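**Q** Provided below are the primary sequence and the corresponding predicted coordinates.
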Amino acid sequence: GWSLIRTPSGQSGWVLTRLVSMAIPDEVAQYAEGKRIVSYFALGEVQDGDQKKNIWLWTTTADSKQPWDFDSFRVFVWSLRRHRYETGYIERNLKGYSPVLLKEVELPSKTGASKYPGFSICIEKKDGQRVRREYALLGVAIRFSGDHPCEAPPQTPTLQNPSPLPVSEAPPPQPKPSLAERLKKHWHALTGR
């Protein structure tokens, strides 16, 4: 399979997926459970003594031959009590589509709406409709904020058969004269008959 990648400088291109190595730390990557990590993002940080540990979001797929980009996503938070990464939120058996967006998310509350750091993911619901689900990060907790229409999927180009080439009304090619006929013609040209 091929993956479309974009560098921090904005360059993009296609690479063989098996040649791509994710730079997510091993202490998180060990939880991949044989699935391929499709994308990952640092959502925030947790201070544990003199260490800063990222809060990670990743998307994974078990079968890269499906038409969707990922089938689960998971948020890993750093546990201050156990000093290790743990699952803070997970959803499985999805039909998810790129891109995953990091953004400020509005979360309604009793006193009004507040904005929090968060992310949104485009998924296909059981009825085939695509929605963008938004999630807010509250410390190390993830809260669902709501669904919004997902951007339209790119249109698949329609291919048309090329039109046939025009046929010219040229006379059919004449068969090539045999060697005996050419020699005879050449003899008559020399002798003038």
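**A** Done, it's in.

**Q** in this protein, where's the longest helix?
**A** Counting by DSSP state H, the longest helix found in the chain is helix 179-191.

**Q** which other residues reach that helix?
**A** For helix 179-191, contacts defined as Cβ atoms under 8 Å, 6 or more residues apart in numbering pick out residue 177. No exception for glycine: its C-beta is placed from N, CA and C like everyone else's.

**Q** where does the prediction get shaky in the protein?
**A** Counting by pLDDT under 70, the chain has low-confidence residues at 152-163, 165-172, 193.

**Q** how about the strands in it?
**A** 2-6, 12-16, 36-48, 51-61, 72-79, 84-91, 96-109, 112-124, 130-138, 141-149 (DSSP state E).

**Q** buried deepest among the ones you listed, which one?
**A** Compared across the strands of the chain, strand 72-79 shows the largest average neighbour count, a mean of 22 (mean count of other Cβ atoms under 10 Å).

**Q** still on that earlier bit, now distance to residue 178 too, for the strands of the chain, in TSV please.
**A** Output for these, formatted as TSV (distance: least, Cβ to Cβ, whole Å):
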stretch	distance to residue 178
strand 2-6	58
strand 12-16	58
strand 36-48	69
strand 51-61	69
strand 72-79	77
strand 84-91	81
strand 96-109	69
strand 112-124	72
strand 130-138	72
strand 141-149	77
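
**Q** residue 27: which of these is closest?
**A** Taking Cβ to Cβ as the criterion, residue 27 comes closest to strand 84-91 out of the strands of the chain, the separation being 5.7 Å.
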